[in-house]
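Engineer: here are the coordinates; sequence isn't available:
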């Protein structure tokens, strides 16, 4: 646990963070509530403008290397940035480092073939296209990912894919998906049966069945979760990422940093929610000159939120630092820890902010309702709380086995 | 606290409850998710059919006396019924005992003039019209209700009403509202400044500004919360309920039983959510033959939910019984107690049910998302948790003052 | 769950409860802190005086029938009394209805032979002797009670008992114990292997190894928990209660009402702790004229405690009522529910009361420290929280199995 | 909040920490339960031996400079050591860096006169004497420290001290106390009325009234909390620390690092409790081959404890680092944050560990009962949770005042 190694941070990081903070507060805060209230597509031109502005200010794609058009931040540096972007629900999108695209970029950058990189990765990195990731299946418990019904059968240099997926986030408007499918049902280990395959969404046999109504909204485009169907969907063998049976290994690689990204984004949300809470508490008068902020219950919530957010940030940064030094596998325990810890903090802080806002808190006149609804999933996606707790505990307990 | 008096329950109550349970399960359960997914208005004809069926089975309007077309249940008996109706989000509506109409009916029945009863109450009781209640104001903290900006000035036998209200639930499609407005700004007690006045919604100067988007949905008709504007809105003096300055007294009268109705409805929601939780836990397989129900975390949630729901029910029934015997004023402490206790249980049970459902839990494919969103307000409306806790504590502490 | 049958309460119950309340407040409250601070034995003469006073006032042994020298209260009536006695840590002792003796009395009254009743039960009922109950073993998890190492082998009309028990409460100074020991190791069901046998503590081979230091105190006499050893301890066959293999059945019979007794006693503790909390909050000044009671955090604790205590009481009384009507087996779910629910409330209320008392709260100058320490076991003895939750959940889930 | 400055840690720190870990595990763990079970004085010779061993291994007094006989660790380095020492309840004592002596050493080193240093500080640093700190008063709320009744009146170059203090920790056997007393009642600011004065405990008029029975134990010597009385207690003017009216300033200086010491000690306790929890869970069999560790509730507790402990450590280390760079005043918010956050975690982890141990957990056969009882004060001393939360919130809210 104790680790005195430190990741070297670029000296200009503090200044860079100020630039991001500035951009987010000035360009995104006045605009983001409207975008998430939607319809999302109507805001695409303005979002595109913002992306150009980010590019001009050399803030675009912070996670990509310089030659890929980015800033070349390391994982720890990017974590700091990610928190700032997370304060706005359109932050990561504008800077082109949003899920699921960032995960797909990481995956293709590490494991994609040269052809895949050129064909699929490069347009993504430039923000010209979007992609999605089709893993979760409605009829199988996501907490046990080896249970997959979707199959990809190799026939004449093509994979024939059949299956139903859901929570294929942002499928609406994407150019391609990466799909997890069983290619090697006979493999002895259940962890070696599946593969990841790229499927352009205009492939015959692919169908976006619906944008799933989630917490009152089907949404659209980037702000949507697709239910998708693969029926005799044929793609060339070249669309396989890596080698057959490597699906779960890739998924783990993808999820490690992915969880850090999520956690830092959540901390950004927490900071904004706490800010809204303090603002409202200071301005809302119970009686002339008696703001809500004088109520000890409200003070308790602010103090507890502050403490929990600080704790979350330090843990996530610590995990990012260790992951960068020792690799994702070495921090499996830490990853599980932050996943369930920060997700809980997130929901608590949002809930308190709503309560401080009273009736206004349940309306869509603030961002709180959006987060209350759409971040409830944080305790479920990428492994529900219970799965991460059990995994962490079992890992700890291993050292006690005689 | 100890009270050995008991309210006499009609002998046929158990049988009657079975009839309600049957109706709710057979007629409403297969249909209610569609209705709340909306658009609500498209379901009005079918809802009308259901009301007729309820009338035919002599189950309609359980809270009204026989001569008003109801069953004449007393408060305690109605509490039992209310839980059953609450299991469906359209339960109270179909049986014409839904908020805010039930509160308005109680108010007009007790305090309305003969003309008001004939003109406004009777069509309500028959289910021919709907009404709403305009009290909360966006610019004043609801937790201190004496701060009201809306005014009603008596001019030539008419009240001239000006002000803005919000969370005027179900204003869309209603025939009239009861509005709380300051008529006597000079009254020495801040509790004697306001009055309740009936305003037909076709009165010039009344405007439904918008159905407030709440938790992702503006909704419509009965399922909506209006922001409404009164601009030089003139109604005859006869529309005053009771006498001038009586507004808060009436509001208290209205809220007492109203909170019992809400609490029993919430318990109904809890029972349905717990049922969904158990059903899902039993059917969802982690591995063949290994249902989610075998997980101890899930078992903990089921057990804790069962305990909390039982506790809630017993407390609300106890409060209803005492209110019926001793009146609403005698149970002020109990009313505050159940308000914050049951609202908390409600949110906890819904949240656990969502977690057990995993990804499905955040979709609109079950009722859980609807309740998670639209019942978050339970901890806010009719007095936020904190106000009720403080009121209860201060009342208890009075006995300790030397 | 719904049950409209009611247990008939004697008309004089309210008055009787006032007498108990009076006795407890006037005779026990001024004295009980000294007794539990100890040494307990030094207070035995005064406690004996109090018992005589209770007898004179016809309040002694409320749970026993008139001809046994008691008041003949039914289970529900006794529950009301039990709460009042529980407000003092010596309440049940003074009135001779304290654990473990009350459980042994119930057991012997129902299942004892005439000889056992005369020899062991009668002196207990009169308060002339004390007894104990030896079930829990240090080397076996109490949560799986079928794992027992203590054996009783029948040899020439005697049982030869060997084994080690602990948490044999109040063994120090008791006349006899009832021991749970395996008599039929070959029985097919693990629930039919053990029996209950009476062992007078002067039997050779019995040894009180130590009064276990529990939470800082070994205690003595009634206020102690013994570790006891049976080494070739021989008792006549007549000391067997009921028939061989009946041990677990008897234990269940004993535990059912026992848990109601515990729960009502805990509610009594809660009421006293809440009273201390309110008293302190009202008297402790932060500044002149500014009592601690004005702090919203303190108000929250008072309100939440009030709510949780009310909920607990109603649930326990409801369970007692149903148990009396339908028997212990019919309320297995309710018994598990109250066990974990009320134990949690108990610890929360005590903890809040300590916090309100500040530094004084951790001293032994109030009763709070005694309860904080010695009631922590409430979440463990008679089945830890987790076991009761799992039992309850599994019972509920049975209805969902297809 | 963000701060990229880092404190330089000596390169040999990791190795040094291993030495401490080794010492604590090998020398203290086998012995500490006996010491705290007491009587403490009977173990003084063995504790003295251990101190010599620590000196020989050059581990003694890590917080003191080399020329004072210590290791010269900076605050951050010492924080790491402090966690390791905290794993044993005698750790800090053996290494002579225990409260309240460490606080008094820091105070005298910074503010003592040369005479005071020679007379009082040096013997403390060598571990030849012990001292105590008399601030809290039974009749005044500690949460508002300006309310002090103890007075020190200057008369003929002597202070005449009168007053009653309690929770003067470790007064029994100490050579002197530092007392907080009002010397300047007329000062305009209530924060400038009190002074700190050294009082040797053999001064006439000083009396150790009692070792306060705390959570079942009066304790003795270092393990005790004194109630002390000053009656016309005369000490020379030279015993004043700093200047008159400086008392609260000094108290703040003393408390800043003091809270970091406490927090790191608590984290040490948490680590040991978690270790005991895991050990017990792994060894306790519910059925042959089925350890308690397989229960998901136990796994949840282990995972949640791990997360909360990690969060606590990172926050305290971060605070220590910032305090060292920027001074105590700059980290007032952080100090309040860790005080209430870590104290809560501490109690939760201990409580879970007890629950995992079942009946054993409430006995004094493990350290858990000691900590459960004697660390309950952690949420009260040095400012109760509520005071720190309010202070933190008000500090945050200042930025929102218009």
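Structural biologist: Yes, it's here. It should be emphasised that the depicted structure is a prediction, and the values quoted were computed from it without experimental measurement. Numbers count the residues shown, from 1 in each chain, chains lettered A, B, ... in the order given.
Engineer: regarding chain A, what is its longest strand?
Structural biologist: strand A:223-236 (DSSP state E).
Engineer: what is the helix or strand just after that strand packed up against?
Structural biologist: Going down the chain from strand A:223-236, the next helix or strand is strand A:240-241, by DSSP states H and E. Judged by 3 or more Cβ pairs under 8 Å, 6 or more residues apart in numbering or on different chains; DSSP states H and E, strand A:240-241 is in contact with helix A:101-111, strand A:194-200. To be clear about C-beta, it is placed using only N, CA and C from the backbone, and glycine gets the same treatment.
Engineer: at 6 Å what do you get?
Structural biologist: Secondary-structure packing of strand A:240-241 (3 or more Cβ pairs under 6 Å, 6 or more residues apart in numbering or on different chains; DSSP states H and E): strand A:194-200.
Engineer: helices of the stretch 1-150 of chain A, residue ranges please.
Structural biologist: Ranges of helices in the stretch 1-150 of chain A, per DSSP state H, counting those that start in this stretch, are A:13-23, A:32-37, A:44-56, A:75-86, A:91-94, A:101-111, A:114-116, A:122-125.
Engineer: these: which one's closest to chain B?
Structural biologist: When the helices of the stretch 1-150 of chain A are compared by Cβ to the nearest Cβ, helix A:32-37 sits nearest chain B, at 7.2 Å.
Engineer: buried ones in that closest one?
Structural biologist: Of the residues in helix A:32-37, A:32-33, A:35-37 count as buried by neighbour count, 16 or more other Cβ atoms under 10 Å in any protein chain shown.
Engineer: run through who's touching it.
Structural biologist: Defining contact as Cβ atoms under 6 Å, 6 or more residues apart in numbering or on different chains, one finds that helix A:32-37 is touched by A:43, A:88-90, A:364, A:367, A:370.
Engineer: gap between that helix and the chain center?
Structural biologist: When distances are taken as Cα atoms, centre = their mean, to the nearest Å, helix A:32-37 is centred 18 Å away from the chain's centroid.
Engineer: ditto for stretch A:251-263
Structural biologist: From the chain centre to the centre of stretch A:251-263 is a distance of 8 Å (Cα atoms, centre = their mean).
Engineer: now do it, average pLDDT.
Structural biologist: Stretch A:251-263 carries an average pLDDT of 87.
Engineer: what do you get for stretch A:13-33?
Structural biologist: Stretch A:13-33 comes out at a mean pLDDT of 97.
Engineer: quick one: end-to-end length of that stretch, please.
Structural biologist: End-to-end span of stretch A:13-33 (Cα to Cα, to the nearest Å): 29 Å.
Engineer: likewise stretch A:125-136?
Structural biologist: End-to-end distance (Cα to Cα), stretch A:125-136: 25 Å.
Engineer: centroid-wise, who is the farthest residue in chain A?
Structural biologist: residue A:288 (43.5 Å; Cα atoms, centre = their mean).
Engineer: what distance do you get for that residue to chain B?
Structural biologist: Residue A:288 sits 9 Å away from chain B when distances are taken as Cβ to the nearest Cβ, to the nearest Å.
Engineer: ok, residue A:248 next?
Structural biologist: When distance is defined by Cβ to the nearest Cβ, residue A:248 is 17 Å away from chain B.
Engineer: what do you get for residue A:178?
Structural biologist: Distance of residue A:178 to chain B, computed by Cβ to the nearest Cβ: 18 Å.
Engineer: quick check, that residue in a strand?
Structural biologist: Yes: counting by DSSP: H, G, I helix; E, B strand; the rest coil, residue A:178 is found in a strand.
Engineer: on the pLDDT front, check the residue farthest from the centre of chain A for me.
Structural biologist: For residue A:288, the predicted pLDDT is 88.
Engineer: just give me the neighbour total for the closest residue to residue A:383 other than its chain neighbours.
Structural biologist: What sits nearest to residue A:383 in space, not counting adjacent residues and going by Cβ to Cβ, 6 or more residues apart in numbering or on different chains, is residue A:339, at 6.3 Å. Applying other Cβ atoms under 10 Å in any protein chain shown, we find 31 residues neighbouring residue A:339.
Engineer: ok, back up a step: among the buried residues of helix A:32-37, which one sits closest to chain D?
Structural biologist: Using Cβ to the nearest Cβ, the buried residues of helix A:32-37 come closest to chain D at residue A:33, 20.0 Å.
Engineer: longest helix of chain A?
Structural biologist: When every helix of chain A is counted residue by residue (DSSP state H), the longest turns out to be helix A:247-283.
Engineer: and the helix or strand following that helix, which strands flank it?
Structural biologist: Note on helix A:247-283: by DSSP H and E, the next helix or strand toward the C-terminus is strand A:285-287. According to DSSP bridges, strand A:285-287 forms sheet pairs with strand A:290-291 (antiparallel).
Engineer: who touches the worst-scoring helix or strand of chain A on mean pLDDT?
Structural biologist: None of the helices or strands of chain A scores lower by mean pLDDT, DSSP states H and E than strand A:285-287, at a mean of 91. With Cβ under 6 Å, 6+ apart as the contact definition, strand A:285-287 has outside contacts at A:291, B:141, B:144.
Engineer: identify each buried residue in it, please.
Structural biologist: Residues of strand A:285-287 classed as buried by neighbour count (16+ other Cβ under 10 Å): A:285-286.
Engineer: so what's the gap between that strand and the chain middle?
Structural biologist: The chain centroid and the centroid of strand A:285-287 are separated by 40 Å, computed with Cα atoms, centre = their mean.
Engineer: picking up where we left off before, let me know whether the longest strand of chain A sits next to chain B.
Structural biologist: No: using Cβ under 6 Å from any Cβ of the partner chain, we find that strand A:223-236 stays clear of chain B, coming within 8.3 Å at best.
Engineer: can you tell me how far residue A:33 sits from residue B:377?
Structural biologist: The gap separating residue A:33 from residue B:377 is 20 Å, by Cβ to Cβ, to the nearest Å.
Engineer: let me see the mean pLDDT of the longest strand of chain A.
Structural biologist: Strand A:223-236 carries an average pLDDT of 98.
Engineer: buried sites along that strand?
Structural biologist: Result for strand A:223-236 [16+ other Cβ under 10 Å]: buried residues A:223-230, A:233-235.
Engineer: read off the pLDDT value for residue A:132.
Structural biologist: pLDDT recorded at residue A:132 is 98.
Engineer: quick check: angle from the longest helix of chain A to helix A:75-86?
Structural biologist: Between helix A:247-283 and helix A:75-86, the angle comes out at 50 degrees (axes from the mean of the first three to the mean of the last three Cα atoms, to 10 degrees).
Engineer: so which elements touch helix A:247-283?
Structural biologist: Identification of packing neighbours for helix A:247-283 by 3+ Cβ pairs under 6 Å, 6+ apart yields helix A:75-86, helix A:101-111, strand A:194-200, helix A:296-326, helix A:332-357.
Engineer: for residue A:271, give me its contacts.
Structural biologist: By Cβ under 6 Å, 6+ apart, the contact set of residue A:271 is residue A:87.
Engineer: from chain C, how far out is it?
Structural biologist: For residue A:271, the distance to chain C equals 25 Å [Cβ to the nearest Cβ].
Engineer: how about residue A:384?
Structural biologist: Residue A:384 sits 18 Å away from chain C, going by Cβ to the nearest Cβ.
Engineer: repeat for residue A:170
Structural biologist: 36 Å.
Engineer: wait, that residue touches residue A:223, no?
Structural biologist: No: Residue A:170 lies out of contact with residue A:223 (Cβ atoms under 6 Å); the separation is 7.6 Å.
Engineer: for chain B, what's its nearest residue on the stretch 201-350 of chain A.
Structural biologist: Closest point on the stretch 201-350 of chain A to chain B, by Cβ to the nearest Cβ, is residue A:216, at 3.3 Å.
Engineer: and that residue, how many residues sit next to it?
Structural biologist: So residue A:216, with other Cβ under 10 Å, has 25 neighbours.
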